[in-house]
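Engineer: just to be clear, the model below is a prediction. Sequence and coordinates:
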Amino acid sequence: MPEHRTWHEIRELNRRVTDLGEPLVLTDENRALLTNTASEVAITPREVTQALQDDVSAAALLKEIAKRIRVGSRRLSRAITEAIKHQEAGDLDAARAPFLELLNVEVVPFYRELAQVQLDALDEP
């Protein structure tokens, strides 16, 4: 399970680099943050090693990590909202559909796990 503090640090660093135009300086701390968080969002160690060769590719890695966190979170929120509507209407098959769709496209293990938990809960009596 990812540490929310680390994901917050990624979002904040990405905001500073992307929105405010600050340069990404590859300090030991930033390298560790990118390396550790990349694995949590299904980016391979090889991709990380290649990206950490220079500041430009490291900034692209940061942007991709932040994107996977943001998009996955939104995707899960939408799936939960849609499933609740169908569940309240008594249509459990339709309530399962958003989670199944999410599982078809989501790469972040944490969001996949949460979707599976929600899906399993729909099958409980």
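Structural biologist: In hand now; what should we look at? Residues are numbered from 1 along each chain as shown.

Engineer: what strand or helix carries residue 67?
Structural biologist: helix 55-88 (DSSP states H and E).

Engineer: that helix - contacts with which helices or strands?
Structural biologist: Helices and strands touching helix 55-88, as assessed by 3 or more C-beta pairs under 8 Å, 6 or more residues apart in numbering; DSSP states H and E, comprise helix 4-14, helix 28-40, helix 45-51, helix 92-105, helix 109-122. The way it works is simple: take the backbone N, C-alpha and C, and place the C-beta from them, glycine included.

Engineer: what residues of it count as buried?
Structural biologist: Within helix 55-88, the residues that count as buried by 16 or more other C-beta atoms under 10 Å are 58-59, 61-62, 64-66, 68-69, 71-72, 75-76, 79-80, 82-83, 86.

Engineer: tell me which of the helices and strands packed on helix 55-88 sits nearest to residue 21.
Structural biologist: Closest of the helices and strands packed on helix 55-88 to residue 21 is helix 4-14, at 12.1 Å (criterion: C-beta to C-beta).

Engineer: how far off centre is that closest one?
Structural biologist: Per C-alpha atoms, centre = their mean, to the nearest Å, the displacement of helix 4-14 from the mean C-alpha position of its chain is 11 Å.
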